[in-house]
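Student: predicted coordinates and the sequence they were generated for:
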Amino acid sequence: MTKEPAPAITKKSVAAIKKEPVAVTKKKPTRAIATEPVRALTIEPVRAIEKPYRGETTPPAARYSFKTPQGKKESVPVITQYYPKQIVYPLAKIDRHIDRKLMQAATIAQERAHAHSRSRCWRYVKDALLASGVIDSRPKTALARDAAQELVSNYGFKRLSVNDPFSAPLGSVLVYGTRRTVGHVEIRTRDGFVSDFRSKTPSPRPLLGVYAKL
C-alpha cells in the first residue's frame, strides 16, 4: 500500500496590524511662580499691665530748693517737658522820621543792661540817651514817671500816637507809671525792651506814652 502524501497545511499569513501613530501632546512649559520670601514673625511676649495698688499714691513732682539772697528757702517745680513751639514777639519797626541817634541809644542801652532789674531804669536810660548824643545834658528828674514831662519840655521829644508797646518804633522811649508809683522807663530795641535790664516783653505797668525826638 502506498501512502498518499499528506497535503501541506499552509498557514495564512497574519495580516500585519498597522498601529496608528500615537499623537504626542506637547506640554506647555510651566511658568515659575515667584514666591515672596517668608517674613519671620516675631511675637512679643504679652506683658501684664501693672495696676497700682489702692494704697499707692502718685509720687509728687520733683522740686528744686534754693535760698534767696535774703536767706529765705524757696522751691520751684522741675520742668520735665519740652514745648517746641516758642512764643514769637513782633520785631520793632524803623521809623525814618525819628532821630537816628535814638537807634544808637537803644544799642548802647542793650550793651550795658543786665539780665535782671536793679531798680535803676531811668538812670540807665539817661546814660544811653546822653552817650548817643540825642540829649546834650543829663536829665535832673529822679522818678521814672516824670521822664516824659522832662523829655518833652527840655529836650524836644514828642509823644507818638502809639498805644501798644510792641508797635513802638525802634529807639523810642516808653514811660510807665501812676501818681502813686515810681514808674518805669525803657527803650524799644529790635527784639524787646531795655533799661537797666533786658526783656522780651514790655513792662506790665500802665503805659503813660511813647516818646521820640523827630
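Tutor: Looks like it arrived, so ask away. Numbering: from 1, shown residues only.
Student: for the closest residue to Phe166 other than its chain neighbours, the count of nearby residues, please.
Tutor: Spatial nearest neighbour of Phe166, chain neighbours left out: Pro90 (5.1 Å); criterion: CB to CB, 6 or more residues apart in numbering. Every C-beta, even on glycine, is put in place using the N, C-alpha and C of the backbone. By other CB atoms under 10 Å, the residues close to Pro90 number 9.
Student: repeat for Ser65
Tutor: 8.
Student: so it sits in a strand?
Tutor: Yes: remark: Ser65 belongs to a strand, assigned using DSSP: H, G, I helix; E, B strand; the rest coil.
Student: what helix or strand is the residue nearest to Phe166 located in?
Tutor: Pro90 belongs to no helix or strand when assigned by DSSP states H and E.
Student: quick check: it vs Ala131, distance?
Tutor: 27 Å (CB to CB, to the nearest Å).
Student: can you check Leu207 too?
Tutor: With distances taken as CB to CB, Leu207 is found 25 Å from Ala131.
Student: those two: which has the busier surroundings?
Tutor: When Leu207 is set against Ala131 and neighbours are counted by other CB under 10 Å, the residue ahead is Leu207, at 18 against 15.
Student: longest strand in this structure, by number of residues?
Tutor: Across the chain, the strand with the greatest residue count (assigned by DSSP state E) is strand 207-213.
Student: could I get the full set of strands for this structure?
Tutor: 63-67, 73-77, 157-160, 173-176, 184-188, 193-194, 198-199, 207-213.
Student: out of the ones you listed, nearest to Arg96?
Tutor: Minimum separation from Arg96 across the strands of the chain (CB to CB) falls at strand 207-213, 11.8 Å.
Student: direction included, what does the closest one pair against?
Tutor: Next to strand 207-213 in the sheet, as set by DSSP bridges, lie strand 157-160 (antiparallel), strand 173-176 (antiparallel).
Student: would you format those as TSV with mean neighbour count and distance to Glu186 included?
Tutor: As requested, these are arranged in TSV below (neighbours: other CB atoms under 10 Å; distance: least, CB to CB, whole Å):
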stretch	mean neighbour count	distance to Glu186
strand 157-160	18	15
strand 173-176	26	5
